[in-house]
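Engineer: My questions concern the predicted model and sequence given below.
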Amino acid sequence: MAAPAEFLQYIDTNADAFIQRLADAVAIPSISGDVKRRRDVVRMAHWLNDQLKALGVDTKLVDLGKQVLDGQELDLPPAILGTLGTDPSKKTVLIYGHFDVQPANKSDGWNTDPFTLVVNKENGQLIGRGSSDDKGPILGWLNVLQYHHEKGIPLPVNIKFCFEGMEESGSEGLDELVQNESKPGGYFNGVDCACISDNYWLNTRTPVLTYGLRGLTYFKVTVSGPARDLHSGVFGRTVHEPMTDLIHLLGRLVDPQGNILVPGVEEMVPPADEDEKAIYQKLDYSTTDIEEAAGNTIALTSNKVDLLMGRMRNPSLSLHGIEGAFSEAGAKTVIPAKVSGKFSIRLVPPQTPEAVDPLVIAYLKSEFAKLNSKNTLIIENLHGGKPWVADHTHWNFEAAKKATKAVYKQDPDLTREGGSIPVTLTFAESLGVNVLLLPMGRGDDGAQ
């Protein structure tokens with residue numbers, strides 16, 4: 001069955017209005033990990049709530065409590081719960097998304113203002129922070145609702161919505177909400193399946209459905225020593241320098257080929273057998289795809305199967321940044337008094353944060369002890385989540401396969417995704433239902 005021609009015409013006719021709505025959303029810098037932007041995350045919640053109500057969704061904003069961020073106690077942004085349809089003869093689908101984003105500055109490599117949506121006239125790309133992760137996909141659902149609302153066409157299912165503003169910062173407060181509302185009589189009681197659009201195709205050619213996600217554990221490692229920043233001309237080679245210690249520690253976590261050097265972490269994961277490797281060999285993917293998405297010919301290997309397993313079924317460790325170091329223009333000869341390095345490990349079954357974290361902490365302490373440094377080491381785990389794998393033969397996936405073929409005229413690839421959406425496992429375990437990842441993003445979207 002093909003997608004209804006009337007619906008496709010409606011999308012084309014209203015494309016400019018849909019793009020403007022995305023531009024309005026992108027313009028709100030809802031950065032959940034930035035204390036200064038917390039009000040913007042809350043503003044984004046109210047904006048989205050108003051959009052849903054205008055389309056006939058019965059909504060409520062839910063207080064998720066407080067958090068401590070950078071030494072300040074802040075209110076968590078509210079979650080949005082919504083209901084559209086209560087027909088007992090129809091299936092009820094839970095749709096999840098998040099309206100917060102990662103930080104973004106032009107200095108990060110953007111060619112345009114990250115919070116001003118720009119349309120690339122050459123290829124039609126919509127460029128702006130959140131346009132693909134995850135404001136755009138949320139608004140994709142709203143575009144469909146608008147069609148049904150304006151045309152008076154009943155939806156084939158009942159829908160429950162759950163939108164949050166803390167996904168990029170560990171989904172604080174959401175697990176408790178989902179667990180409580182999944183109990184008998186709770187808001188999510190009666191949900192038959194769940195659908196999340198917060199990931200990507202492998203390339204720009206073949207749509208995918210995703211049945212697995214890697215987990216995550218995120219660390220902050222701080223080394224401090226002097227009472228204040230020092231001048232290298234006065235104190236160089238006379239004191240233990242925190243930056244020297246930190247760089248050594250970070251360099252002992254992962255090698256240039258991506259192998260994790262923390263003892264016991266890689267060993268938790270059994271190697272793939274030939275049958276499993278054959279699954280990855282069949283996927284529509286190549287070294288060229290990843291290098292085009294990365295913007296340079298920097299793939300770790302030319303072996304397609306190894307690349308895909310590196311993204312989907314093997315753990316990875318990435319270094320993200322250093323706080324407290326001199327990073328501005330010029331040549332300041334400072335010895336920083338305190339520096340913090342941030343890194344994360346993407347986890348795969350059977351790994352969990354509870355199993356991996358002690359190994360990382362013990363290893364960092366051991367490596368620091370070898371330095372015989374008089375500086376102080378502090379290790380913090382900022383947030384984490386378990387990996388998730390679903391049954392891709394479930395009717396939820398079968399319906400998605402048919403819908404995907406109706407729109408794109410081809411069968412989707414079935415993939416596991418390298419990223420992490422911690423609440424996915426919470427939905428699966430709390431509700432006891434199948435969870436489907438239905439990506440709206442393509443492989444060249446430049447996530448984050």
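Structural biologist: In hand now; what should we look at? Numbering: from 1, shown residues only.
Engineer: ok, Lys338 touching Asp245?
Structural biologist: No - the pair Lys338 / Asp245 is not scored as a contact, 11.3 Å apart, by C-beta atoms under 8 Å. Where C-beta positions appear, they are placed from N, C-alpha and C, glycine not excepted.
Engineer: tell me, what's touching the two both at once?
Structural biologist: Shared contacts of Lys338 and Asp245 (C-beta atoms under 8 Å, 6 or more residues apart in numbering): Val223.
Engineer: and Leu307, how many residues sit next to it?
Structural biologist: The tally of other residues near Leu307 (other C-beta atoms under 10 Å) stands at 20.
Engineer: could you list every residue that touches it?
Structural biologist: Leu307 touches Tyr285, Thr287, Ile290, Ala299, Leu300, Thr301, counting by C-beta under 8 Å, 6+ apart.
Engineer: got it, and Leu438?
Structural biologist: Contacts of Leu438 by C-beta under 8 Å, 6+ apart are Cys195, Ile196, Ser197, Leu209, Thr210, Ala400.
Engineer: residues making contact with the helix or strand hosting the last one?
Structural biologist: Translated: Ala400. Element membership for Ala400, per DSSP states H and E: helix 395-408. Residues outside helix 395-408 that contact it (C-beta under 8 Å, 6+ apart) are 1-3, 193-195, 207, 209, 211, 390-391, 411-412, 433-436, 438.
Engineer: From the contact counts, what lies against the very next helix or strand once past that helix?
Structural biologist: Later in the chain than helix 395-408, the nearest helix or strand by DSSP H and E is strand 413-417. Packing partners of strand 413-417 (3 or more C-beta pairs under 8 Å, 6 or more residues apart in numbering; DSSP states H and E): strand 208-213, helix 304-312.
Engineer: Low-confidence stretches in this protein?
Structural biologist: Applying pLDDT under 70 to the chain flags residues 1, 448.
Engineer: Run through the helices of the stretch 101-250 of the chain in chain order.
Structural biologist: 135-151, 174-181, 232-235, 242-251 (DSSP state H, counting those that start in this stretch).
Engineer: can you put these in JSON lines and add distance to Thr217 and mean neighbour count?
Structural biologist: JSON lines is the format used below for the helices of the stretch 101-250 of the chain (distance: least, C-beta to C-beta, whole Å; neighbours: other C-beta atoms under 10 Å):
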{"stretch": "helix 135-151", "distance to Thr217": "26", "mean neighbour count": "19"}
{"stretch": "helix 174-181", "distance to Thr217": "16", "mean neighbour count": "19"}
{"stretch": "helix 232-235", "distance to Thr217": "35", "mean neighbour count": "11"}
{"stretch": "helix 242-251", "distance to Thr217": "16", "mean neighbour count": "19"}
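Engineer: Distance to Tyr187 added to those, as JSON lines?
Structural biologist: Putting the helices of the stretch 101-250 of the chain into JSON lines (distance: least, C-beta to C-beta, whole Å) gives the following:
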{"stretch": "helix 135-151", "distance to Tyr187": "18"}
{"stretch": "helix 174-181", "distance to Tyr187": "4"}
{"stretch": "helix 232-235", "distance to Tyr187": "58"}
{"stretch": "helix 242-251", "distance to Tyr187": "43"}
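Engineer: Give me the contacts around stretch 77-89.
Structural biologist: Outside of stretch 77-89, the residues within contact range by C-beta under 8 Å, 6+ apart are 30, 32, 38, 41-42, 44-45, 48-49, 52, 55-64, 92, 100, 145, 154-155, 157-166, 173-174, 177, 181, 187.
Engineer: end-to-end on it?
Structural biologist: End-to-end span of stretch 77-89 (C-alpha to C-alpha, to the nearest Å): 35 Å.
Engineer: show me what contacts the nearest residue to Gly385 once chain neighbours are set aside?
Structural biologist: Spatially, and ignoring its direct neighbours in sequence, Gly385 is nearest to Pro422 (2.9 Å; C-beta to C-beta, 6 or more residues apart in numbering). Contacts for Pro422 (C-beta under 8 Å, 6+ apart) come out as Glu167, Gly170, Ser171, Asp175, Gly215, Leu216, His383, Gly384, Gly385, Lys386.
Engineer: for the stretch 1-150 of the chain, what spans make up the strands?
Structural biologist: 58-62, 66-69, 72-75, 79-84, 92-98, 118-119, 126-127 (DSSP state E, counting those that start in this stretch).
Engineer: thinking again about what came up before, I'd like to know which of the contacts of helix 395-408 are buried.
Structural biologist: 193-195, 207, 209, 211, 390, 412, 433-436, 438 (16 or more other C-beta atoms under 10 Å).
Engineer: Mind picking the two most distant members of those?
Structural biologist: Pro207 and Val433 (22.9 Å; C-beta to C-beta).
Engineer: separation between the residue nearest to Gly385 and Arg346?
Structural biologist: 12 Å (C-beta to C-beta, to the nearest Å).
Engineer: Overlap in contacts, those two.
Structural biologist: Gly215, Leu216.
Engineer: Can you list the neighbours in contact with stretch 23-38?
Structural biologist: Residues contacting stretch 23-38 (C-beta under 8 Å, 6+ apart): 40-41, 43-44, 47-48, 69-70, 72, 74-75, 77, 99-104, 115-117, 128-131, 135, 139, 165-169.
Engineer: one step back: just the closest of the contacts of Pro422 to Phe427, please.
Structural biologist: Among these, Asp175 lies closest to Phe427 (C-beta to C-beta), at 9.9 Å.
Engineer: For that closest one, which residues are in contact?
Structural biologist: By C-beta under 8 Å, 6+ apart, the neighbours of Asp175 are Pro422, Val423, Thr426.
Engineer: buried residues in stretch 90-98?
Structural biologist: Under 16+ other C-beta under 10 Å, the buried positions of stretch 90-98 are Lys91, Thr92, Val93, Leu94, Ile95, Tyr96, Gly97, His98.
Engineer: where's it relative to the chain centroid, distance-wise?
Structural biologist: 19 Å (C-alpha atoms, centre = their mean, to the nearest Å).
Engineer: for stretch 345-358, same thing?
Structural biologist: 17 Å.
Engineer: Can I get it as CSV, trimmed to CA atoms?
Structural biologist: Provided in CSV are the C-alpha atoms of stretch 345-358 (Å, rounded to 0.1, in the frame of the first residue of the first chain):
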residue,chain,number,x,y,z
ILE,A,345,32.2,4.8,27.3
ARG,A,346,29.5,3.5,25.0
LEU,A,347,28.4,0.2,26.5
VAL,A,348,27.0,-3.0,24.8
PRO,A,349,25.3,-6.1,26.3
PRO,A,350,26.2,-7.5,28.7
GLN,A,351,28.0,-4.4,30.0
THR,A,352,26.3,-2.1,32.5
PRO,A,353,27.5,1.1,34.2
GLU,A,354,27.4,-0.8,37.5
ALA,A,355,29.9,-3.4,36.1
VAL,A,356,32.1,-1.0,34.2
ASP,A,357,32.4,2.0,36.5
PRO,A,358,34.4,0.2,39.3
